[in-house]
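# Generate coordinates for the sequence data below:
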Amino acid sequence: MVGTMTRPVAFGLNVDPNTGGLAIAARIAAIADAAGLEYAGVQDHPYNPDFVDTLTHITWLAARTSRVHLFPNVADLPLRPPAMLAKQAATIDVLSGGRFELGLGAGGFHDAIAGMGGPRRTVAEARQALSEAVDIIRASWAGEPFRYAGQHYQVPDAQPGPRRHPHRVGPRGGPRPGPDRPALQRHGLDHAGEPGHVPRAEGGLGRHSHHVVPGFRNEHVRLLAQRRP
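Numbers count the residues shown, from 1 in each chain. Predicted structure coming up:
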């Protein structure tokens, strides 16, 4: 049985963190911002020598936009320890005025991850590590000292912070208007929202599934978890 979807549909654009395409990345984010789209997502592949760091890139884009929400699509968990990732997410959220959202990925490119010193995990291990990371990130965002002992992660004495931007999840100031279609067309985007002249991301995430982790008690930073099937 297919459940009823209770969250409103949101739209966004993909931004590549290519070192040679920073001007294009800034323009795509500006288009999403001006057109009233909800999101701009930046893929995270730290082992790609042609990419700048995704979280730093998002901070840079946040300083050049004012409305669009930004998120890693998705953060490479094996190369980003969850307690530190929680701090980075909260920091970017504060700096952006509450416009950062965190997407997590269990890690699908095993050789590349191991080549950078990350753990080589089986699918089952990656899922378990993802579950542990969600627990640690939630505990970090709760704002109280905590300890955590898992199979993949140990946090013996965390003092979390900073506090995230004090906004709750959901529409701000009433219903959010839909995308500004004339603005999209002026910027060379077709009716489906695809860039007409900007290279699309390669190496898609079709083999992954996405879901929103429940139980966030109206926290502003939302956690999007990604698991391998």
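
# so where is this protein shaky, pLDDT-wise?
Applying pLDDT under 70 to the chain picks out residues 1-5, 165-229.

# For stretch 146-159, what is the spacing between the initial and final residues?
One end of stretch 146-159 sits 7 Å from the other (C-alpha to C-alpha, to the nearest Å).

# can you give me the strands for the protein?
Assigned by DSSP state E, the chain shows strands spanning 12-15, 39-42, 69-72, 75-76, 102-105, 146-149, 154-158, 209-212, 223-227.

# Angles on the backbone of the closest residue to Ala114 other than its chain neighbours, please.
Excluding the flanking residues, the one nearest Ala114 by C-beta to C-beta, 6 or more residues apart in numbering is Arg120, at 4.5 Å. Backbone N, C-alpha and C define where each C-beta goes, glycine included. Arg120 adopts backbone torsions of phi -100, psi 110, taken as degrees, to the nearest 10.

# and Arg120, how many neighbours?
By the measure other C-beta atoms under 10 Å, the count of residues near Arg120 is 13.

# What of the one 3 residues further on?
The burial metric for Val123, expressed as a neighbour count using other C-beta under 10 Å, is 13.

# Quickly note the distance from it to Leu79.
17 Å (C-beta to C-beta, to the nearest Å).

# ditto for Gly108
Distance from Gly108 to Leu79, by C-beta to C-beta: 12 Å.

# One more: Phe109?
10 Å.

# Could you name every residue contacting both of these two?
Tyr47 (C-beta atoms under 8 Å, 6 or more residues apart in numbering).

# so who does Pro160 touch?
So Pro160 contacts 83, 86-87, 90, 139-146 (C-beta under 8 Å, 6+ apart).

# Out of those, which end up buried?
83, 86-87, 90, 139-141, 146 (16 or more other C-beta atoms under 10 Å).

# So which elements touch the longest helix along the chain?
Looking across the chain with DSSP state H, the single longest helix is helix 123-141. Packed against helix 123-141 by the contact rule (3 or more C-beta pairs under 8 Å, 6 or more residues apart in numbering; DSSP states H and E) you find helix 82-95, strand 102-105, strand 146-149, strand 154-158, strand 223-227.

# Now tabulate these in a markdown table and tack on distance to Thr19.
Listed next are the helices and strands packed on helix 123-141 as a markdown table, based on distance: least, C-beta to C-beta, whole Å:
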| stretch | distance to Thr19 |
| --- | --- |
| helix 82-95 | 20 |
| strand 102-105 | 21 |
| strand 146-149 | 36 |
| strand 154-158 | 33 |
| strand 223-227 | 25 |
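
# now, of those, which is deepest in the fold?
strand 102-105 (a mean of 24; mean count of other C-beta atoms under 10 Å).
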